[in-house]
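Engineer: build me a structure from this.
(one chain, ligands or ions: 1)
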Amino acid sequence: MDKFDGMRKEDFPILSESVHGRKLVYLDNAATTQKPQVVLDAIVEGYSKWNANVHRGVHHLSQVATEKHEQARKKVAEWLNAAAEEVIFTKGTTDSINMLARSFGDAMVNEGDEIIVSQLEHHSNIVPWQMLCERKKAILKVIPLREDLSIDIEAFKEMLNERTRLVSVAQVSNVLGIVNPVEEIIHYAHAKHIPVCVDGAQSVPHLAVDVKKLDCDFLVFSAHKMYGPTGLGVLYGKKEWLDKLPPAEGGGEMIEHVRWDKTTYNVLPYKFEAGTPNYIGSYAFSKAIEYVQELGIEDIAKHEEELVEYIEERVSRLERVKIYAAGQKKAGAVSFNVYRADGGLIHPFDVGVLLDRQGVAVRTGHHCAEPLIEHLGVPGTLRASVGLYNTKEDIDKLVAALERAIMMLE
Ligand code: PLP
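Structural biologist: Residues are numbered from 1 along each chain as shown. Presented below is the predicted three-dimensional model:
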């Protein structure tokens, strides 16, 4: 039997819950994934067996906690093919990008300089750069999309110039699920010695991401989107960059010595980790990574790709449904909308509520990507996003629920 054939659901206690009297069909994995028992156990174990603040204590529990936290960092480094000192623990993708915008922005960006993002970014990869540009009187440039909603690489190449300081793009769009050509983006940016930050929030959980192969300068992602706990994320940076950049936040842990006349900073990665870190979270996340490693990210990617294709195939058979960026290479998510016979859009919220009443959880709305949604010219979309535990049967239930919802709303 295929290792993904419904068997994995048993590892995730929440998936046996019912919603509105129906067994939960969870298709909102791009927003957050559910947690396997090994991750839940790790959280309970941490707080019940070895909870103590890390790095500062000589006592036993503090040493155990420190060891678990640093082992977790090594696990993340191994996962990304990075060095442990290049892995900075943050609160999540949003926090990672804000930190980078502050640190990189303070050191590297001046009036008239340019930062490049794309039209399809999550607000987390827009607003921190807008704030930086406002602070520094710099300019935020936006890579346009082609007709088929893919990133316009030719336009991007034209945008790179001697004022460009950084490019920051998502590897996978959280709305469309499209896998963006970040390798090409990195290639052309590096040809002009411009660093690239990859927003891996939607790619790291679904694809093998090797920072050395990718050659990105920075990579950010959230643990909670990869079966780990909330409140934890990663900012990976190439050592040569992290050495050069100033800390984004001050406080305990990030210092070497504090003097009234001059404070000196700690070594990497601690220079970027002010305050008590989420060491129980990092430990639990290392268990999530182990869980994913055991199944194999390549096999997970293949399984999810089949599911995404199956969603497109089944949903496109319904009448008056528009799938965005249909047929393009995707990872994890599909966005679509439903129309009435008179051509009017059925509001995605209305469809989403009716799906929920049938136990099917999808996301509706702008998905924190208003500029993209505006570009699509709709108030929002319905987004079905899969995780390793989803099955074709889940998709069949989604489609059956959609048929019923459409019948009621037409
Ligand atoms: N970037 C992308 C592409 C995302 O999909 C998300 C979350 O949906 C984020 C950034 C923000 O992640 P978080 O809310 O975990 O900080």
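
Engineer: ok, residue 225 to the ligand distance?
Structural biologist: For residue 225, the distance to the ligand equals 6 Å [CB to the nearest ligand atom, to the nearest Å]. Using the backbone N, CA and C atoms, a C-beta is placed for each residue, glycine as well.

Engineer: next one: residue 68
Structural biologist: Counting by CB to the nearest ligand atom, the separation of residue 68 from the ligand is 23 Å.

Engineer: do you know the pLDDT at that residue?
Structural biologist: We note a pLDDT of 98 for residue 68 in this prediction.

Engineer: that one touches residue 46, doesn't it?
Structural biologist: Yes - with contact defined as CB atoms under 8 Å, residue 68 counts as touching residue 46 (7.2 Å).

Engineer: so where do the helices sit in the stretch 301-410 of the chain?
Structural biologist: All helices of the stretch 301-410 of the chain, identified by DSSP state H, counting those that start in this stretch, fall at 348-357, 370-376, 392-409.

Engineer: the longest one - what's its average pLDDT?
Structural biologist: Translated: helix 392-409. Helix 392-409 carries an average pLDDT of 96.

Engineer: what parts of the protein come near the ligand?
Structural biologist: Within reach of the ligand by CB under 6 Å from any ligand atom, the chain has these residues: 30, 92-94, 122, 124-125, 170, 174, 199, 201-202, 222.

Engineer: reformat those as JSON lines; add secondary structure and pLDDT.
Structural biologist: Formatted as JSON lines, the residues of the chain next to the ligand follow (DSSP: H, G, I helix; E, B strand; the rest coil; pLDDT from 0 to 100):
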{"residue": "30", "secondary structure": "coil", "pLDDT": "98"}
{"residue": "92", "secondary structure": "coil", "pLDDT": "98"}
{"residue": "93", "secondary structure": "helix", "pLDDT": "98"}
{"residue": "94", "secondary structure": "helix", "pLDDT": "98"}
{"residue": "122", "secondary structure": "coil", "pLDDT": "98"}
{"residue": "124", "secondary structure": "helix", "pLDDT": "98"}
{"residue": "125", "secondary structure": "helix", "pLDDT": "98"}
{"residue": "170", "secondary structure": "strand", "pLDDT": "98"}
{"residue": "174", "secondary structure": "coil", "pLDDT": "98"}
{"residue": "199", "secondary structure": "strand", "pLDDT": "98"}
{"residue": "201", "secondary structure": "coil", "pLDDT": "98"}
{"residue": "202", "secondary structure": "coil", "pLDDT": "98"}
{"residue": "222", "secondary structure": "strand", "pLDDT": "98"}
